[in-house]
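Colleague: Only the shape, not the letters, is given here:
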């Protein structure tokens with residue numbers, strides 16, 4: 001019997017609770033505006049990774065924390081696949097895309113709300129960050145994520161293996 005990390009259960013519960021939260025309230029002070037991607041995900045432009053999108057307003061603090069973790073670990077998450085099915089459904093290339101669609105040359109960020117509704121996305125980002133803090137290499141983290149999610153989850157995003 002495969003054990004799922006306790007974190008998975010708690011994050012999944014958070015995602016289910018927050019999944020139906022209203023996310024269409026734009027707030028002033030952001031660099032851009034909200035728009036919907038073809039798959040229905042809400043996207044919002046902010047001036048930098050330090051400025052979180054307004055669609056996180058009024059969501060569970062654990063979801064907001066997952067977005068902060070993803071923003072702080074952007075380079076790492078580009079080497080980590082997601083196993084929620086978003087590669088096929090949303091065209092994501094790696095776990096970071098569940099939170100950030102695009103980093104622009106001027107430092108602005110196009111955020112994606114996909115991660116607010118997905119416990120798998122949040123769990124992978126949080127676990128990857130924790131392993132990095134423990135001193136694991138990007139390749140070790142990738143191998144851990146691949147081994148943990150290889151059964152019972154969707155096909156991974158087409159994320160190249162780090163060298």
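Modeller: Structure's in. What do you need? Just so it is clear, the structure is predicted and the values come from calculations on it, not from any experiment.
Colleague: hey, let's count contacts and neighbours off CA atoms from now on
Modeller: Fine.
Colleague: Please enumerate the helices of this protein.
Modeller: Along the chain, counting by DSSP state H, helices occupy 6-18, 61-72, 74-77, 86-89, 119-133, 138-149.
Colleague: Which one, of these, ends up nearest to residue 38?
Modeller: Residue 38 sits nearest to helix 86-89 of all the helices of the chain, at 10.0 Å, using C-alpha to C-alpha.
Colleague: List the buried residues of the closest one.
Modeller: Residues of helix 86-89 classed as buried: 86-87 (neighbour count, 16 or more other C-alpha atoms under 10 Å).
Colleague: So what touches that helix?
Modeller: 39, 92-94, 98, 155-158 (C-alpha atoms under 8 Å, 6 or more residues apart in numbering).
Colleague: where does this structure have low pLDDT?
Modeller: Low-confidence segments of the chain, defined by pLDDT under 70: 1-33, 36.
Colleague: thinking again about what came up before, residue 131: which of the contacts of helix 86-89 is nearest?
Modeller: Of the contacts of helix 86-89, the one sitting nearest to residue 131 (C-alpha to C-alpha) turns out to be residue 94, at 17.2 Å.
Colleague: And the closest one, how far from residue 47?
Modeller: Distance, residue 94 to residue 47, by C-alpha to C-alpha, to the nearest Å: 22 Å.
Colleague: Likewise for residue 97?
Modeller: Counting by C-alpha to C-alpha, the gap between residue 97 and residue 47 amounts to 18 Å.
Colleague: the more surrounded of these two?
Modeller: Each of residue 97 and residue 47 had its neighbours counted (other C-alpha atoms under 10 Å), and the higher figure belongs to residue 97 (28 against 18).
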